[in-house]
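> sequence-free structure coming up:
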């Protein structure tokens with residue numbers, strides 16, 4: 001199975017409570033790509049970078065993780081984005097993101113051939129950007145027509161305008177087969193994180209799967225008109241929540257690939273037991289990331305994921 005992750009590519013500067021500062025490749029779709037690649041999956045990252053020092057560091061990290069970077073655009077007029085994550089003593093992060101406008105000439109990408117063995121993932125604030133939308137809309141449409149799975153994570157962190165951008169989020173949700181967001185995402189977008197109400201407000205169809213993660217409390221999904229809640233095992237040693245949601249997505253999709261599931265299976269009906277495996281793998285990835293100060297799963301978890 002081939003994965004295509006589409007979104008902003010950032011240099012994450014992570015400040016720990018000890019005042020240790022580290023620089024890592026970041027952005028929600030980048031984190032997903034690197035975790036999937038570590039789990040032995042074929043992943044291509046689609047995005048834009050400048051021709052600067054941060055871009056070179058990010059490309060080096062992506063390539064060393066096994067992520068294909070052939071569809072990443074380089075633009076001299078674009079300054080590679082930075083995300084500053086300050087972690088408190090409870091492991092929670094506050095983000096400040098700095099990035100320049102995307103040039104009008106961007107996203108002249110020859111889209112790859114897609115089929116039912118492909119997964120297209122997109123999300124974060126890049127998915128609300130008009131320049132990105134000009135690429136994502138036809139790409140998602142082509143993916144759906146070819147039988148590929150389309151996965152969307154709103155991943156709303158800062159700078160969201162409910163008045164101007166809620167319709168774009170809804171449009172993104174309607175184009176995806178699977179939507180996974182946090183309760184905070186949907187509180188920001190809709191002012192409500194009730195999973196049934198979110199599904200109603202977004203006018204989701206019967207064959208779509210909506211997943212809402214609620215941190216350490218629970219994970220629930222809405223599918224075929226039913227709401228199912230999965231408890232999340234307690235985790236006492238949380239070092240950082242940076243990348244936890246992205247890790248959940250990667251774990252879910254890694255298990256999707258391991259089980260050789262398809263869009264048709266999703267629309268026909270996936271058993272509760274199978275969905276429990278998918279969500280359980282996502283939770284395992286997220287918990288693993290929370291036990292380190294970085295934004296990637298451990299090598300041990302990556303090896304275990306290859307046999308899930």
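Received it, and whenever you're ready, just let me know what you need. Note that the coordinates shown come from a computational prediction; the quantities given were computed from them, not determined experimentally. Numbers count the residues shown, from 1 in each chain.

> Going by C-alpha atoms from here, please, whenever you check contacts or count neighbours.
Will do.

> I'd like to know which elements the host helix or strand of residue 120 is packed against.
Assigned by DSSP states H and E, residue 120 belongs to strand 118-123. With contacts taken as 3 or more CA pairs under 8 Å, 6 or more residues apart in numbering; DSSP states H and E, strand 118-123 sits against strand 2-6, helix 28-38, strand 149-153.

> what's stretch 90-108 in contact with?
48, 73, 75, 77-87, 131-132, 135, 157-158, 238-242, 290 (CA atoms under 8 Å, 6 or more residues apart in numbering).

> For the strand holding residue 120, what is the distance to the chain centroid?
Distance, stretch centre to chain centre, for strand 118-123: 9 Å (CA atoms, centre = their mean, to the nearest Å).

> if we can go back for a sec, only the buried subset of the contacts of stretch 90-108, as a ChimeraX command please.
In ChimeraX, this line selects whichever of the contacts of stretch 90-108 come out buried by 16 or more other CA atoms under 10 Å:
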select :48,73,75,78,79,80,81,82,83,84,85,86,87,131,132,135,238,239,240,241,242,290
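
> Now, the contacts of stretch 90-108 that are in strands?
48, 73, 81-87 (DSSP state E).

> could I get these as a markdown table with pLDDT and distance to residue 223?
Compiled in a markdown table, the ones in strands among the contacts of stretch 90-108 are given as follows (pLDDT from 0 to 100; distance: CA to CA, whole Å):
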| residue | pLDDT | distance to residue 223 |
| --- | --- | --- |
| 48 | 93 | 34 |
| 73 | 92 | 37 |
| 81 | 91 | 36 |
| 82 | 91 | 36 |
| 83 | 86 | 34 |
| 84 | 87 | 36 |
| 85 | 78 | 34 |
| 86 | 84 | 36 |
| 87 | 81 | 35 |
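
> Which pair in those has the greatest spatial separation?
Spatial extent of the ones in strands among the contacts of stretch 90-108 (CA to CA) is set by the pair 73 and 87 at 31.0 Å.

> count of residues packed around residue 181?
Neighbour count for residue 181, taken as other CA atoms under 10 Å: 22.

> re the thing from before, compile the ones in strands among the contacts of stretch 90-108 into TSV and extend it with columns for distance to residue 249.
Formatted as TSV, these follow (distance: CA to CA, whole Å):
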residue	distance to residue 249
48	22
73	24
81	22
82	22
83	20
84	22
85	20
86	23
87	22
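
> Would you map the strands across the stretch 101-250 of the chain?
Listed in chain order, the strands of the stretch 101-250 of the chain (DSSP state E, counting those that start in this stretch) span 118-123, 149-153, 178-182, 209-213, 218-223, 226-231.

> What are the contacting residues of the second one?
The contact list for strand 149-153, computed with CA under 8 Å, 6+ apart, reads 116, 118-124, 140, 143-144, 172-173, 175-181, 262-263.

> Give me the below-cutoff pLDDT ranges for this protein.
Where the chain drops to pLDDT under 70, the residues are 105, 293, 308.

> Residue 240: what's its closest spatial neighbour, skipping adjacent residues?
Excluding the flanking residues, the one nearest residue 240 by CA to CA, 6 or more residues apart in numbering is residue 91, at 4.0 Å.

> where's that neighbour relative to residue 115, distance?
40 Å (CA to CA, to the nearest Å).

> just residue 17 next, same as before
Taking CA to CA, one finds residue 17 at 46 Å from residue 115.

> the longest helix in this structure is where?
If you go by DSSP state H, the chain has its longest helix at helix 272-290.

> picking up where we left off before, want to throw the strands of the stretch 101-250 of the chain into JSON lines with distance to residue 42?
Below are these laid out as JSON lines (distance: least, CA to CA, whole Å):
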{"stretch": "strand 118-123", "distance to residue 42": "10"}
{"stretch": "strand 149-153", "distance to residue 42": "15"}
{"stretch": "strand 178-182", "distance to residue 42": "20"}
{"stretch": "strand 209-213", "distance to residue 42": "24"}
{"stretch": "strand 218-223", "distance to residue 42": "27"}
{"stretch": "strand 226-231", "distance to residue 42": "29"}
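
> Figure out which of these is closest to residue 32.
Closest to residue 32 of those is strand 118-123 (CA to CA; 9.0 Å).

> Measure how the closest one sits relative to strand 149-153, angle-wise.
20 degrees (axes from the mean of the first three to the mean of the last three CA atoms, to 10 degrees).

> Count residues in the vicinity of the residue nearest to residue 240, would you?
Neighbours around residue 91, by other CA under 10 Å: 19.

> before we move on, the earlier item: contacts for the longest helix of the chain next, please.
With CA under 8 Å, 6+ apart, helix 272-290 has contacts from 91, 219, 230, 232, 235, 238-253, 255-256, 295-298, 301, 308.

> again with stretch 171-179
Stretch 171-179 has contacts (CA under 8 Å, 6+ apart) with 127, 140-141, 149-153, 202-204, 207-211, 263.
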